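> compute the structure for the input listed below.
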Amino acid sequence: MNTQYYPAADRGHVNIGWLNARHSFSFGQWQDPQKIHFGALRVLNDDIIMGGGGFPPHPHDNMEIVTIPLSGALAHKDSTGGNGIIKAGDVQVMSAGTGVEHSEFNASKSDELNLLQVWVFPKKRNIEPRYDQRSFDTATRNNKWQAVVRPDETDGAMWINQDAVFSLVQLDAEKQIDYTTQFNGNGVYFFVIDGSVDIAGHQLGKRDALGVSEANRTAVTAIKNAFILAIEVPMTL
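Just a heads-up that it's a prediction; the model follows:
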């Protein structure tokens, strides 16, 4: 088993007024040659968007983009015809493929929006752009992994153009749960959204992360009540 610790305090930080963002990997003006990607995982941004703020129409191509709101609501519109509002409990997936243009704005003029946006390198390039969003029963993730994105769309998960799996769990204090990889050779990037946990012998707090590779199964134990995102990705591009 190989592990790599990513402390929350070491993330990049950009604050431009309407946007207060933390970057787990090099992004925009913040660059760290030691933090370019974890396997096929390229971007994990933890964004706080002020009321009325947002990103005007901008292009993407050949990237799988997953957005997970933690609080507030996001208004989305794109050139595929995708148009909707997502909030905590929802997940959005966009395959940029040959090229797509989209905008993202805080759906409220007054309340903050906090979201995670994750970019994954695609399995196949230049596919037709695709958009999907779905609401998930958050009770289903209590002390159990809830897969929200995966390539075979089993158990109600949304499709992604990569051998990647996004799973969420709300783990009660002192509970242990194992994560078993779904694809041979994949690694897992564990991101602690809230609480504190022990993962593979490493103690992690809020917004800390641990990359685990060369292991089929990883033990996760909650020290305090914890909310965890596991991003399983191929380790080779």
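> phi, psi for residue 150 please.
Main-chain dihedrals, residue 150, degrees, to the nearest 10: phi -160, psi 160.
> contacts only, for it.
Contact criterion CB atoms under 8 Å, 6 or more residues apart in numbering gives 157-160, 164-166, 182 as the residues in contact with residue 150. (C-beta placed from N, C-alpha, C; glycine too.)
> any idea how far it is from residue 161?
Residue 150 sits at a distance of 11 Å from residue 161 (criterion: CB to CB, to the nearest Å).
> give the contact list for the closest residue to residue 75 other than its chain neighbours.
Distance criterion CB to CB, 6 or more residues apart in numbering; nearest residue to residue 75, sequence neighbours excluded, is residue 107 at 4.2 Å. Residue 107 makes contact with 72-75, 85, 113 under the criterion CB under 8 Å, 6+ apart.
> helix/strand/coil for residue 140?
Per DSSP: H, G, I helix; E, B strand; the rest coil, the secondary structure class of residue 140 is helix.
> same thing with residue 155?
In the three-state summary, residue 155 is assigned as helix, counting by three-state DSSP.
> what helix or strand is the residue nearest to it when sequence neighbours are not counted on?
Ranked by CB to CB, 6+ apart and with sequence neighbours excluded, the top spatial neighbour of residue 155 is residue 147, at 5.7 Å. According to DSSP states H and E, residue 147 maps onto strand 146-149.
> could I get the phi/psi values of the residue nearest to residue 75?
phi -70, psi -10.
> same thing with residue 49?
Backbone torsions for residue 49, taken as degrees, to the nearest 10, come to phi -110, psi 120.
> so what pairs up with the most centrally placed residue in the chain in the strands?
Averaging the C-alpha coordinates of the chain gives a centre point, and the residue nearest to it by CA atoms, centre = their mean is residue 118 (4.2 Å). Using DSSP bridges, the beta-bridge partners of residue 118 come out as residue 44, residue 66.
> which strand or helix spans the closest residue in space to residue 98 that isn't next to it in sequence?
With CB to CB, 6+ apart as the measure, residue 126 is the residue that lies nearest to residue 98, at 5.0 Å, once sequence neighbours are left out. Mapping residue 126 onto the secondary structure by DSSP H and E places it in no helix or strand at all.
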